[in-house]
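A.B. asks: got a predicted structure plus its sequence, pasted below:
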Amino acid sequence: MRAQRHQRAEETASRIIEVAQALFRRVGYAKTAVADIARELGMSSANVYRFFPSKAAINEAIAEKYLIDIHRRLDSVVAENASAAERLEHFVLEQHRFNKSQFVTERRMHDMVACAMEENWPVVEAHIQAVQKMLAAIVADGIRRGEFRADAVPEEAAKAICSASTGVLHPALIAQFAHKDLEAEARGLVRFLLAALAKPGPARASLT
């Protein structure tokens, strides 16, 4: 009996998230209230609050749902049977394409993402930490393979890559420069980062 109640509660919470997400897409994040979500579900606002204490909690649950998806994709990139350099490029491009398709093409969902970043939602900070951890794993593997310089610090490199990639990953910037080929810029950026990580070649003889 307890297991059935728990399952029903999970199903109701999932349904609330689905309806809220649909309303965000249809009328916009800012214009959607908990009362609207409850009305769409045919329940009272009080019942919605039994599962989520605030609209912010619903927002975070939706954001987390998106981030689980991108984390799954990025984990697959980390595990690819390819060089560290190839995986690093694929990693950045995968994030760019996902952000563009999910948070820029769908403008009303973009409003929620912008708010999440401006207000530093915990789910966003957790996402940044997860991405940095995956990047650090790629860099560490590149060091082990002899692709990257031995004195590179994976965690520091991962933070630098995240900072440098903001222009091609941040949804607001992707939207602002939608007229530009940001994938080409992302590839160029990765080449620059790879040059910084590259294992030094033999020193050249002096010409004097």
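C.D. replies: Nice, I can see it. Numbers count the residues shown, from 1 in each chain.
A.B. asks: OK, contacts around the nearest residue to Ile128 once chain neighbours are set aside?
C.D. replies: Leaving aside its sequence neighbours, Ile128 sits nearest to Cys162 (C-beta to C-beta, 6 or more residues apart in numbering; 6.9 Å). Every residue, glycine included, has its C-beta placed from N, CA and C. Residues in contact with Cys162 (C-beta atoms under 8 Å, 6 or more residues apart in numbering) are Ile128, Val131, Gln132, Leu135.
A.B. asks: domains of the protein?
C.D. replies: Recorded structural domains for the chain (assignment: automatic domain parsing) are 1-53, 56-197.
A.B. asks: which other helices and strands contact the lowest-mean-pLDDT helix or strand in the chain?
C.D. replies: Lowest mean confidence among the helices and strands of the chain (mean pLDDT, DSSP states H and E): helix 107-118, at a mean of 71. Here helix 107-118 touches helix 2-27, helix 55-78, helix 122-145, helix 171-176, going by 3 or more C-beta pairs under 8 Å, 6 or more residues apart in numbering; DSSP states H and E.
A.B. asks: now distance to Asp111 too, for those helices, in a markdown table please.
C.D. replies: Shown next, in a markdown table, are these (distance: least, C-beta to C-beta, whole Å):
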| stretch | distance to Asp111 |
| --- | --- |
| helix 2-27 | 8 |
| helix 55-78 | 11 |
| helix 122-145 | 15 |
| helix 171-176 | 10 |
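A.B. asks: quick one on the thing from earlier: am I right that the residue nearest to Ile128 sits in a helix?
C.D. replies: Yes: assessed with DSSP: H, G, I helix; E, B strand; the rest coil, Cys162 lies in a helix.
A.B. asks: and the pLDDT at it?
C.D. replies: Confidence at Cys162, expressed as pLDDT, is 95.
A.B. asks: shaky segments in this protein?
C.D. replies: Filtered on pLDDT under 70, the chain yields the residue ranges 1-6, 103-108, 110, 201-208.
A.B. asks: one step back: how about CSV for the helices and strands packed on helix 107-118, with mean neighbour count added?
C.D. replies: Shown next, in CSV, are those (neighbours: other C-beta atoms under 10 Å):
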stretch, mean neighbour count
helix 2-27, 14
helix 55-78, 16
helix 122-145, 17
helix 171-176, 16
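A.B. asks: quick one: closest of the ones you listed to Val34.
C.D. replies: helix 55-78 (5.2 Å; C-beta to C-beta).
A.B. asks: from the contact counts, what lies against the closest one?
C.D. replies: helix 2-27, helix 34-41, helix 84-99, helix 107-118, helix 122-145.
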